[in-house]
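Participant: The sequence isn't on hand, but the structure is:
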């Protein structure tokens, strides 16, 4: 093929170079471009299976946050799987387990993880609180929810207070669950889930096990963080809290996938077929020219 022009698959190509593209390929290219663009749109900022705790830092009173072998297969990944064993014991100060404070999550996206809450004697207090914000303090928290002895609660009262009187949802302890928080820290509404869901500015949606259980929950009262990028995620509590939570399969991303219809196998097969057809046509075309 020495001396031949390269194959150019670009709308700006001249008629001469466009003639190098097999005619059928020209019909396939838009579909291929769409498929590639859809795939490229995904943006995972942080993922963690807790085989270690290198993505996390402890602050505040001493507490347990350790990678633990899942000998009971609690998360369905087999006994070789590990999860995070997070234990806060009651004390006069708070506990904080946080990611790096320089995450690039932007102003919209989602946080998701699997959790399992054991029944522990002496559990008390406001539960374990998931906070999203610009730093690890209450004043830097844009959104927060609490997991507390079988209940999900908004933690959007002043100073990230937990609204224990109004649970978002309940869940069974001693069972695996998936929590997903969709956040919108802009001043405008966004749509997600094939445009089936709308989320106003400065609000979150909370999903439990694939069902939206909390819609349009307000940001933390008294904090003016609308428009700020979310740069850190942390788990914390209030003074006097004793609580235990197991975590696995943590993911933070800038796009929103919850509520989106998964492509049918036939659709995936069609895309795979288009890619295979494209490769075959290009190969035949160049063999004829050779």
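Facilitator: Sure, I can see it. Quick caveat: nothing in here was measured; it's all calculated off a predicted structure. Residues are numbered from 1 along each chain as shown.
Participant: Output the below-cut-off pLDDT ranges for this structure.
Facilitator: Applying pLDDT under 70 to the chain flags the ranges 1-42, 262-290.
Participant: switch the cut-off to 80
Facilitator: Within the chain, the ranges that satisfy pLDDT under 80 run 1-42, 261-290.
Participant: longest strand anywhere in it?
Facilitator: The longest strand of the chain (DSSP state E) is strand 243-253.
Participant: Which strands or helices does that strand pack on?
Facilitator: Judged by 3 or more CB pairs under 8 Å, 6 or more residues apart in numbering; DSSP states H and E, the packing partners of strand 243-253 are strand 44-48, strand 82-88, strand 108-116. Yep, even glycine has a C-beta here, placed from its N, CA and C like the rest.
Participant: TSV for the ones you listed, including distance to residue 179?
Facilitator: What follows is those, written out as TSV (distance: least, CB to CB, whole Å):
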stretch	distance to residue 179
strand 44-48	14
strand 82-88	14
strand 108-116	6
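Participant: Export those strands to a markdown table and append columns for distance to residue 134 and mean neighbour count.
Facilitator: Output for the helices and strands packed on strand 243-253, formatted as a markdown table (distance: least, CB to CB, whole Å; neighbours: other CB atoms under 10 Å):
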| stretch | distance to residue 134 | mean neighbour count |
| --- | --- | --- |
| strand 44-48 | 15 | 15 |
| strand 82-88 | 23 | 22 |
| strand 108-116 | 14 | 21 |
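Participant: Residue 129 and residue 162 touch, don't they?
Facilitator: Yes. Residue 129 lies in contact with residue 162 (CB atoms under 8 Å); the separation is 6.8 Å.
Participant: what about these two, which has more around it?
Facilitator: The residue with more neighbours, out of residue 129 and residue 162, is residue 129; 27 against 21, by other CB atoms under 10 Å.
Participant: sorry, back to before: direction included, what does the longest strand of the chain pair against?
Facilitator: Sheet pairing of strand 243-253 (DSSP bridges) gives strand 44-48 (antiparallel), strand 82-88 (antiparallel), strand 108-116 (antiparallel).
Participant: in this protein, which spans are helices?
Facilitator: Per DSSP state H, the chain carries helices over the ranges 15-18, 23-41, 265-289.
Participant: The residue lying closest to residue 73 once chain neighbours are set aside: neighbouring residues, count only.
Facilitator: Distance criterion CB to CB, 6 or more residues apart in numbering; nearest residue to residue 73, sequence neighbours excluded, is residue 79 at 5.7 Å. Neighbours of residue 79 under the rule other CB under 10 Å: 9.
Participant: quick one: buried residues of stretch 205-224?
Facilitator: For stretch 205-224, burial by neighbour count (16 or more other CB atoms under 10 Å) applies to 205-208, 212-215, 217, 219-220, 223.
Participant: now that stretch, how far from the centre of its chain.
Facilitator: Taking CA atoms, centre = their mean, to the nearest Å, one finds the center of stretch 205-224 at 14 Å from the center of the full chain.
Participant: any common contacting residues for residue 129 and residue 162?
Facilitator: Taking CB atoms under 8 Å, 6 or more residues apart in numbering as the contact rule, residue 129 and residue 162 both touch 146, 155, 238.
Participant: Contact partners for the second one?
Facilitator: Taking CB under 8 Å, 6+ apart, we find residue 155 in contact with 126, 129, 131, 144-146, 161-163, 220.
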